[in-house]
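Here you go, sequence then predicted model.
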Amino acid sequence: MDQLIQHLVNTLILGGTYALLGIGLTLIFGIMNVVNFTHGALYTVGAYLMYLAVAALGLNFFLALPVAILGGLVFGAAIERLLLRPFRGADIDTTMLVMIGAGIALQSATLWIFGGVAKAIPSPFPEAPLQIGPVSVSWLRLFVLGAALGLIALTYALINGTKLGLAMRAAFQDADTAALMGVNVRLIDTATFALGSSLAAAAGALLGPVYVVFPQMGGLAELKAFAIVILGGLGNVTGAAIGGFILALAEELGAGYISSGYRDAMGFLIIIAVLLVKPTGLFAKAERIG
């Protein structure tokens, strides 16, 4: 029982960052109908921006996190304006090729700038973990959980409680009708891609200090983000958030009770099982026809 409680606590911590990845990806796909193959690279960018701010520039750890998130926002806006907007109206195959190329370019750029040696991000938290009965958790991981939940809450507040969020939801329902109603769809596309990119960068900035930072770290994170979106239902923000925690639970229980070597495989096995039963995902909503 003690081991199970420990795995559940680890699930909450990992699930929060997975949810950030999934929400960012599903927002971009749902509103822009773009498969974002730069998501993993932006996750890596967020981790390296955190490293630069803390280790290279000596910025306070807690101030470095919003700097990394803002950097992801700027990177996302630039990608949308420079690479996606010129191909507006092109078929999805063309935009996929563009995004794949952009993702490879970003990964290569981080390798060229920082080299292939893994970097560690110094943390201000004590190394001794917090012990609550049988459960042991590091203070850094508790901060990661709190920050991730806070960012998820802010994202929901933005989408559901602001004029920008209302315009984003209108564009999601019907971009052409939203444009006729006065919504600047191009601006919404930029804001959506920037927001999704900033969430990916936030996940990288949060998990970078927990593990290490290296140029290829975004590859597996991107695959997991796609798995989360598929599990939760394409374009479903709530489903993506829940899917992130489900994937984290599958990984934790698989690593704890089967083998740590199957940690990453367990999540994808569950995705396959879900798709066999419900191909649209667990939380997909019925779409309006016509």
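That came through, no problem.

what about N33, neighbour count?
13 (other C-beta atoms under 10 Å). For the C-beta atoms, the positions are set from N, CA and C on the backbone; glycine is no exception.

same deal with F62?
Using other C-beta under 10 Å, F62 is surrounded by 11 other residues.

can you tell me the helix or strand for it?
helix 61-79 (DSSP states H and E).

Same question for the host helix or strand of L187: list its buried residues.
Per DSSP H and E: L187 is located in helix 185-207. The neighbour-count check on helix 185-207 (16 or more other C-beta atoms under 10 Å) flags 185, 188-207 as buried.

gap between it and the chain center?
Centroid displacement of helix 185-207 relative to its chain, using C-alpha atoms, centre = their mean, to the nearest Å, is 9 Å.

Give me the helices and strands touching that helix, please.
Applying 3 or more C-beta pairs under 8 Å, 6 or more residues apart in numbering; DSSP states H and E, one finds that helix 185-207 contacts helix 2-32, helix 39-51, helix 61-79, helix 139-161, helix 163-173, helix 175-180, helix 218-232.

Quick check: which of those is buried the most?
helix 39-51 (a mean of 29; mean count of other C-beta atoms under 10 Å).

so that helix versus helix 185-207, what angle?
With axes from the mean of the first three to the mean of the last three C-alpha atoms, to 10 degrees applied, the angle from helix 39-51 to helix 185-207 works out at 60 degrees.

Check which helices and strands helix 39-51 sits against.
Under the contact definition 3+ C-beta pairs under 8 Å, 6+ apart, helix 39-51 sits against helix 2-32, helix 61-79, helix 92-114, helix 185-207, helix 218-232.

related to what we said a few turns ago, and the helix holding L187, C-alpha only, in CSV?
Taking only C-alpha atoms (Å, rounded to 0.1, in the frame of the first residue of the first chain), the coordinates of helix 185-207 have been written out as CSV:
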residue,chain,number,x,y,z
VAL,A,185,-8.6,35.0,-37.2
ARG,A,186,-5.0,35.6,-38.1
LEU,A,187,-4.3,37.2,-34.8
ILE,A,188,-6.1,34.3,-33.1
ASP,A,189,-3.9,31.8,-35.0
THR,A,190,-0.8,33.7,-33.7
ALA,A,191,-2.1,33.8,-30.2
THR,A,192,-3.1,30.2,-30.2
PHE,A,193,0.3,28.9,-31.5
ALA,A,194,2.2,31.2,-29.1
LEU,A,195,0.1,30.0,-26.2
GLY,A,196,0.5,26.3,-27.1
SER,A,197,4.2,26.8,-27.5
SER,A,198,4.6,28.6,-24.2
LEU,A,199,2.9,25.6,-22.5
ALA,A,200,5.4,23.2,-24.1
ALA,A,201,8.3,25.5,-23.0
ALA,A,202,6.8,25.6,-19.5
ALA,A,203,6.8,21.8,-19.3
GLY,A,204,10.4,21.7,-20.4
ALA,A,205,11.4,24.5,-18.0
LEU,A,206,9.7,22.6,-15.1
LEU,A,207,11.1,19.1,-15.8
